[in-house]
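1. Can you look at this prediction? I've put the sequence above it.
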Amino acid sequence: MGERVPAAVTWGMLAAWMVHDAEELATMASWSRTASDRLGARFPWVPWERLEVSQRHVNVAIGLMGGVMAGASALGARTGGRSPAFQAVLAAFGLHGVVHLAQAAAARGYTPGVVTAPLVVLPFSWWAWRRLKAAGVPTGGTCSTVAGLVIFPLVTAGVHAAAHALSHRAPGRAGRRARRERWF
């Protein structure tokens, strides 16, 4: 058996995610509004207007994903990095960094998260896997990577669907009254 897995590996994933998502929090809503014309000309088959997100949506989505990341980090800390769920989320986090680079390449410019992906996400993910292996932690290898590939789009879609539902709540009584008055 190797060395003990430091908390910097397990809770570090949450910290690295927080740094990365701070960039997304600051840029995603405004970028989604301003990039749609440029991207629409390049990729006309994509319904860019439907992909525009409000700051409220971004805030809710990042908060929900924060819960996922905190839970996975806690599982990793409790199990010394041995939790399959922690390892799958770590694999998904690294994949997330690669996706950001691919998005920026496809868009031929800045996309939210592309600055911290190569500076934080990818180096942290690489380092964390090396530390797990050095500590003798059995990693799922391909199994973790496949699990990460499967959960990444599912969790991301689920978080954004929930954020959409929560950030586009039905208006209260005053909102319904105002909407009725507009139509009459």
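-> Yep, that arrived.

2. How about the host helix or strand of Ala147, which residues are buried there?
-> Secondary structure assigned from DSSP states H and E places Ala147 in helix 142-167. Neighbour-count burial for helix 142-167 flags 144-145, 147-148, 151-152, 155-156, 159-160, 163, 167 (criterion: 16 or more other CB atoms under 10 Å). C-betas here are computed from N, CA, C, even on glycine.

3. Same check on stretch 51-61?
-> 53-54, 57-61.

4. Show me how far stretch 151-162 is from its chain's centre.
-> 9 Å (CA atoms, centre = their mean, to the nearest Å).

5. how far out from the middle of the chain is the longest helix anywhere in the chain?
-> The single longest helix within the chain, with elements called by DSSP state H, is helix 7-34. With CA atoms, centre = their mean as the basis, helix 7-34 stands 7 Å off its chain's centre.

6. Please apply the same query to stretch 18-36.
-> 12 Å.

7. I'd say Arg131 and Gly12 touch.
-> No. With contacts counted by CB atoms under 8 Å, Arg131 stays clear of Gly12, the gap being 9.1 Å.

8. Mind putting the buried residues of stretch 51-61 into a markdown table with secondary structure?
-> Converted to a markdown table, the buried residues of stretch 51-61 look like this (DSSP: H, G, I helix; E, B strand; the rest coil):
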| residue | secondary structure |
| --- | --- |
| Val53 | coil |
| Ser54 | coil |
| His57 | helix |
| Val58 | helix |
| Asn59 | helix |
| Val60 | helix |
| Ala61 | helix |
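
9. Sort those residues by pLDDT and name the bottom one.
-> Lowest pLDDT within the buried residues of stretch 51-61 is found at Val53 (83).

10. Not counting its neighbours along the chain, what's nearest Ala22?
-> Closest residue to Ala22 apart from its sequence neighbours, by CB to CB, 6 or more residues apart in numbering: Thr116 at 7.9 Å.

11. if we can go back for a sec, state the mean pLDDT of the helix holding Ala147.
-> 79.

12. Please apply the same query to stretch 21-32.
-> 94.

13. residues making contact with it?
-> Outside of stretch 21-32, the residues within contact range by CB atoms under 8 Å, 6 or more residues apart in numbering are 51-55, 57-59, 62, 65-66, 110-113, 115-116.

14. what does stretch 54-71 give?
-> For stretch 54-71, using CB under 8 Å, 6+ apart, the contacting residues are 13-14, 17-18, 21, 24-25, 28-29, 53, 89, 93, 155-156, 159-160, 162-164, 166-168.

15. again, but for stretch 112-127
-> Contact with stretch 112-127 is made by 12-13, 16, 19-24, 27-28, 31, 90-91, 93-94, 96-98, 100-101, 103-104, as judged by CB under 8 Å, 6+ apart.
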